[in-house]
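A.B. asks: Okay, here's the prediction I keep looking at, along with the sequence it came from:
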Amino acid sequence: MDYENDGEEMMLISQRQISATESAVRSIDEAYEPLHDGELEFFSFHINAAIRAVASISRPYELDEMFDKMFGQFCLGK
């Protein structure tokens, strides 16, 4: 799961954490095609699933907080 080692290590200590991480990576992979095709509703569905998976092993994030950080510099229109 280490696609690009940036010098930081991560240790998963339980099967639950491993499963959550695999789920997050799978959701991110599934989000690529809808993003590439401009289907932002489907893209956000997959990203939301990835956020929930990561939040299950880290501090819980509010979805609005996460989306604000992710899309803070993009203008998606109204």
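C.D. replies: Thanks, I have it.
A.B. asks: Provide the secondary structure category for Met11.
C.D. replies: Three-state assignment for Met11 (DSSP: H, G, I helix; E, B strand; the rest coil): coil.
A.B. asks: How many neighbouring residues does it have?
C.D. replies: Using other C-beta atoms under 10 Å, Met11 has 5 neighbouring residues. Glycine gets a C-beta too; all of them are placed from N, C-alpha and C.
A.B. asks: pLDDT score for it?
C.D. replies: What the model reports as pLDDT for Met11 is 73.
A.B. asks: can you check Lys78 too?
C.D. replies: 49.
A.B. asks: Where do the helices of this structure begin and end?
C.D. replies: Using DSSP state H, the helices of the chain run over 15-36, 40-55, 63-71.
A.B. asks: Next, format those as JSON lines and append mean pLDDT.
C.D. replies: Putting these into JSON lines (pLDDT from 0 to 100) gives the following:
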{"stretch": "helix 15-36", "mean pLDDT": "93"}
{"stretch": "helix 40-55", "mean pLDDT": "92"}
{"stretch": "helix 63-71", "mean pLDDT": "70"}
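A.B. asks: Identify, out of these, the most deeply packed stretch.
C.D. replies: Among these, the stretch with the highest mean neighbour count (mean count of other C-beta atoms under 10 Å) is helix 40-55, at a mean of 17.
A.B. asks: Centroid-nearest residue for this protein?
C.D. replies: Ala50 (3.7 Å; C-alpha atoms, centre = their mean).
A.B. asks: tell me the contacts of the closest residue in space to that one that isn't next to it in sequence?
C.D. replies: In space, and not counting its chain neighbours, Ala50 is closest to Ser27: 3.8 Å by C-beta to C-beta, 6 or more residues apart in numbering. Residues counted as contacts of Ser27 (C-beta atoms under 8 Å, 6 or more residues apart in numbering) are His46, Ile47, Ala49, Ala50, Ala53.
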